[in-house]
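*Asks:* I would like to see how this sequence folds:
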Amino acid sequence: MIVLKGDIVRTHDGLTGEVIDVWGKARSFIKLKCASSGMSIPMFESEVSEIVERSSKKGGKEREKRKVPNSQTEAGNGMRQAVAF
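*Replies:* I've put the predicted structure just below:
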């Protein structure tokens, strides 16, 4: 299971909290801020049993593409402009 920063997760031990940090390559670690005590506990990502809630931040393909102004791509007659270097 892939856990991301900002996820609300539940562990096998029954702890619930927000993931405030994720690190590691072969064995991923997370830092969980417990909802009940407010303490930050480091643990393996494999100890997470389920993701309760995931924030829906836009990213990747959902981002709006940057638009290039028409003056750089097209001339007034629909032809591309020549650019002098």
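*Asks:* Share the number of residues neighbouring Phe29, please.
*Replies:* The burial count assigned to Phe29 is 14, neighbours taken as other C-beta atoms under 10 Å. The C-beta positions use only the backbone N, C-alpha and C, and glycine is treated the same way.
*Asks:* what's the closest non-adjacent residue to it?
*Replies:* Trp23 (5.5 Å; C-beta to C-beta, 6 or more residues apart in numbering).
*Asks:* cool, Cys34 as well?
*Replies:* Gly17 (4.3 Å).
*Asks:* before we move on, what about Ser49?
*Replies:* His12 (4.9 Å).
*Asks:* could you list every residue that touches the one you found?
*Replies:* For His12, the contact set (C-beta atoms under 8 Å, 6 or more residues apart in numbering) comprises Glu47, Val48, Ser49.
*Asks:* so where's the longest strand in this structure?
*Replies:* strand 16-23 (DSSP state E).
*Asks:* other SSEs contacting that strand?
*Replies:* Packed against strand 16-23 by the contact rule (3 or more C-beta pairs under 8 Å, 6 or more residues apart in numbering; DSSP states H and E) you find strand 8-11, strand 29-34.
*Asks:* Format those as JSON lines; extra columns: mean pLDDT and distance to Met43.
*Replies:* Output for the helices and strands packed on strand 16-23, formatted as JSON lines (pLDDT from 0 to 100; distance: least, C-beta to C-beta, whole Å):
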{"stretch": "strand 8-11", "mean pLDDT": "95", "distance to Met43": "7"}
{"stretch": "strand 29-34", "mean pLDDT": "95", "distance to Met43": "6"}
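*Asks:* could I get those strands as a markdown table with distance to Glu53?
*Replies:* Written out in a markdown table, the entries for the helices and strands packed on strand 16-23 read as follows (distance: least, C-beta to C-beta, whole Å):
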| stretch | distance to Glu53 |
| --- | --- |
| strand 8-11 | 4 |
| strand 29-34 | 14 |
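*Asks:* returning to that earlier point: keep only those of the contacts of His12 that are in helices.
*Replies:* Judged by DSSP state H, the contacts of His12 include no members of helices.
*Asks:* Okay then, goodbye and thanks.
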